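**Student:** Attaching a predicted model along with its sequence, questions to come.
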Amino acid sequence: MTGYDEREVRDLLLRAADEFPAATVLPEPLLTEGRRAIRRRRLVAGVAAVVTVLALFGATALLDAARPAPRPAPPANRPPAEVPERFDPAQWLFRLDGIPDDLPLRTYSTDDRTQGVTLTRMRPSPEGNWLVVDREVTVSIAARGVDIFAPLRGSETGDQPPPFTGGPPRPTADVPRPPSQPPLPGDRVAPVLGVPAYLHTSWERDETRLSWQYAPDAWATVSVRGDERPEETARRFAAALVWQPYRVTMPFLDVDPPAGARLNSTVVTVDHGRWTEAQVSYLAPSRGKASYFYRDLIIGVSREPGSRPVKADTTIAGRPAWVNEALGEYRVGQLPGTCPTCVAEVAHQTNAGRLALGSRDAALALAATVRLVDAPDDVAAWRPL
């Protein structure tokens with residue numbers, strides 16, 4: 001028995017002695033009974049403590065079972081720490097989150113130097129006989145070391161696009177270049193995603209471009225046209241970039257290009273949620289470097305019936321075909337599958353592409369091999385490149 005227990009027995013006996021006459025000696029049985037009382041009290045207290053602990057443990061277990069499992073934290077939306085000098089044209093590095101509905105015409109394009117999304121809203125021209133751009137936003141990224149501003153400064157010798165001959169004349173002398181116009185990428189402005197950013201306005205004052213380096217020596221730009229608050233809009237789209245790699249997909253099955261041709265770019269156009277054109281282009285075997293403005297070889301599908309004459313120029317395997325050799329375009333209709341208005345397309349835009357493609361008959365035969373996937377209107381069923 002501990003000293004603490006002895007004190008409790010002594011106190012118990014003293015209280016009991018108060019009930020006896022003075023000078024009465026407490027017998028040994030009374031001491032024994034006192035010790036038993038102490039043991040009973042300790043046993044009851046211990047059992048109560050155990051029951052309390054078990055009850056608390058059981059309640060905690062029930063609460064844990066009822067509580068939903070914590071969701072894993074979403075991955076941080078961070079750009080890649082490093083990008084290659086040449087992109088894989090079959091691989092997207094980003095997507096846009098929350099595209100506004102008022103930009104229904106959307107073009108998604110990749111190549112080995114850049115990839116980007118152009119979002120457009122069209123309106124009728126003042127004459128009412130064609131459509132013109134009303135508002136447009138383009139989000140682009142470049143591979144490491146690629147000058148994303150090169151098309152604005154000029155182009156490679158021989159790659160300059162032909163002069164514009166249609167529509168109203170482009171202002172030149174009557175809209176002089178502002179003497180304070182800074183060189184690209186532009187004036188330093190508030191950072192984008194924590195890195196230095198630059199703002200540039202075209203000399204015609206119709207396009208504003210926000211630029212920043214999303215990775216070492218790799219630039220991203222957001223260009224805006226037809227917007228009252230272009231910088232604010234550009235920043236909103238910069239914040240909508242989600243860095244999530246995924247494969248490029250196409251609504252048609254794989255087609256073998258001419259021997260030695262290499263995948264160089266992809267383009268998919270969507271209008272009001274419905275794809276209208278999908279193309280894969282290849283670099284001709286004789287070309288070491290792709291042009292900024294032209295594609296060597298193109299294979300794809302289109303569902304725009306108004307883009308070809310009603311009457312076919314020829315037939316191949318009993319199917320109607322259209323040929324425009326001046327533009328290097330070869331199309332075959334009655335494409336097997338669930339899209340009766342779709343046509344297969346093969347084209348070249350350079351002399352190297354024409355030589356790789358071969359004769360007119362070879363181009364039509366290649367177009368005739370194009371087949372749609374089983375469910376071309378379901379993007380989830382498209383073929384990954």
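**Tutor:** Perfect, I can see it now.
**Student:** rest of the way, CA atoms for contacts and neighbours
**Tutor:** Will do.
**Student:** Where do the helices of the stretch 151-300 of the chain begin and end?
**Tutor:** For the stretch 151-300 of the chain, applying DSSP state H, counting those that start in this stretch gives helices covering 230-239.
**Student:** which regions of it sit below the pLDDT cut-off?
**Tutor:** Across the stretch 151-300 of the chain, the ranges flagged by pLDDT under 70 are 154-182.
**Student:** try 80
**Tutor:** Residue ranges of the stretch 151-300 of the chain with pLDDT under 80: 151-183, 203-205.
**Student:** So which residue is smack in the middle of the chain?
**Tutor:** The chain has Arg95 as the residue nearest its centroid, 1.3 Å off, counting by CA atoms, centre = their mean.
**Student:** any idea how far Gly333 is from it?
**Tutor:** Using CA to CA, to the nearest Å, Arg95 is found at 33 Å from Gly333.
**Student:** Based on its surroundings, how many neighbours for Thr249?
**Tutor:** 18 (other CA atoms under 10 Å).
**Student:** for it, which residues make a bridge with it?
**Tutor:** Pro384 (DSSP bridges).
**Student:** Give me the distance between it and Thr110.
**Tutor:** According to CA to CA, Thr249 stands 12 Å off from Thr110.
**Student:** Identify the contacts common to the two.
**Tutor:** Taking CA atoms under 8 Å, 6 or more residues apart in numbering as the criterion, Thr249 and Thr110 both touch Ala90.
**Student:** Next up, the contacts around the residue nearest to the centre of the chain.
**Tutor:** Leu241, Val242, Trp243, Gln244.
**Student:** What's the PyMOL syntax to select whichever of those are buried?
**Tutor:** A single PyMOL command suffices to select whichever of the contacts of Arg95 are buried according to 16 or more other CA atoms under 10 Å:
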select buried, resi 241+242+243
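**Student:** between the contacts of Arg95, which is closest to Pro80?
**Tutor:** Distance to Pro80 across the contacts of Arg95 (CA to CA) is lowest for Trp243, with 7.6 Å.
**Student:** Please name the nearest non-neighbouring residue to the closest one.
**Tutor:** For Trp243, ignoring the flanking residues on the chain, the nearest one in space by CA to CA, 6 or more residues apart in numbering is Phe94 at 4.4 Å.
**Student:** same thing with Glu136?
**Tutor:** Distance criterion CA to CA, 6+ apart; nearest residue to Glu136, sequence neighbours excluded, is Thr120 at 4.4 Å.
**Student:** Please work out how many residues are found near the one you found.
**Tutor:** With other CA under 10 Å as criterion, Thr120 counts 20.
**Student:** what about it, which helix or strand?
**Tutor:** Taking DSSP states H and E as the criterion, Thr120 maps to strand 114-124.
**Student:** From what I see, the residue nearest to Glu136 and Leu103 are in contact.
**Tutor:** Yes. The pair Thr120 / Leu103 is scored as a contact, 4.9 Å apart, by CA atoms under 8 Å.
**Student:** Show me the common contact partners of these two, please.
**Tutor:** The contact sets of Thr120 and Leu103 overlap at Arg135, Glu136 (CA under 8 Å, 6+ apart).
**Student:** Rounded mean pLDDT for the helix or strand containing Ala363, please.
**Tutor:** According to DSSP H and E, Ala363 maps onto helix 360-367. For helix 360-367, mean pLDDT is 96.
**Student:** Residues in contact with it: which ones?
**Tutor:** With contacts defined as CA under 8 Å, 6+ apart, helix 360-367 is touched by Ile299, Ile316, Ala321, Glu325, Tyr330, Arg331, Val332, Ala344, Glu345, Val346, Ala347, Leu357.
**Student:** Touching, the first one and Val280? I think so.
**Tutor:** Yes. Applying CA under 8 Å, one finds Ile299 in contact with Val280, separated by 5.4 Å.
**Student:** what's around Gly98, how many residues?
**Tutor:** Neighbours of Gly98 under the rule other CA under 10 Å: 9.
**Student:** actually Asp217, not the one I typed
**Tutor:** Summarising burial for Asp217: neighbours were counted as other CA under 10 Å, giving 16.
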